[in-house]
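[1] please find the sequence and the predicted model below.
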Amino acid sequence: MASKPIILLVSLLAIAIAASTAEAQLGIINIPGTVFCTINGNIGLNGIATPVFPNALVLLRCGGAVVANATTNGSGFFSIVLNPSPLPVSTVLSSCNLVVNTPLSTCNTTLPAVGRLLSPLQLVGTTLVGLLNVTNLVPAGFQLRLNLG
């Protein structure tokens, strides 16, 4: 008879441990960045003042499909937050790119009206916020692409 309460206690402990492990694995993928109004969408060399690209539509494309988007603010900053459940970090890093879908000529008429800025992603690290694991990815470097196919 004494063994039933012990079995019940062990079972409850196992359930509690499993639940806390599942909670500890909750997470998000955070992709912040700044788009600059340049032929490569990056900041100028040697700290030269570089204008930003406000109101630009930034797409996260994975295997040709748009899975998320954001619009840059007045400082050229954007942030895309994803749930890693349908798209694990490894998939995002291997098959996704950021595409600035707004033509460069929108921020500077001397820049091309054709083509789009495209950047692969790179992992910069993870942080734990409470029980939430935040995986931080950033643009690896935008380049002008005439054909996104």
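    Yep, it's here.
[2] so what's the residue nearest the centre of the chain bridging to?
    Centroid-nearest residue in the chain, with C-alpha atoms, centre = their mean: I31, separated by 2.6 Å. Going by DSSP bridges, I31 is paired in beta bridges with I80.
[3] that one against I80, yeah?
    Yes - applying C-beta atoms under 8 Å as the test, I31 and I80 come out as touching, 4.3 Å apart. Where C-beta positions appear, they are placed from N, C-alpha and C, glycine not excepted.
[4] between the two, which contacts overlap?
    L60 (C-beta atoms under 8 Å, 6 or more residues apart in numbering).
[5] show me the shaky parts of this protein.
    1-25, 47, 148-149 (pLDDT under 70).
[6] how about the helices in it?
    Secondary structure of the chain (DSSP state H): helices located at 3-24, 89-95.
[7] contacting residues around P112?
    With C-beta under 8 Å, 6+ apart, P112 has these contacts: 39, 103-105, 144.
[8] one more time with 7 Å
    104-105, 144 (C-beta atoms under 7 Å, 6 or more residues apart in numbering).
[9] reformat those residues as CSV; add distance to I43.
    Output for these, formatted as CSV (distance: C-beta to C-beta, whole Å):
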residue, distance to I43
L104, 15
S105, 20
L144, 15
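[10] quick one: which of the residues you listed has the most company?
    Neighbours here mean other C-beta atoms under 10 Å. Within the contacts of P112, the largest count is held by L104, at 25 neighbours.
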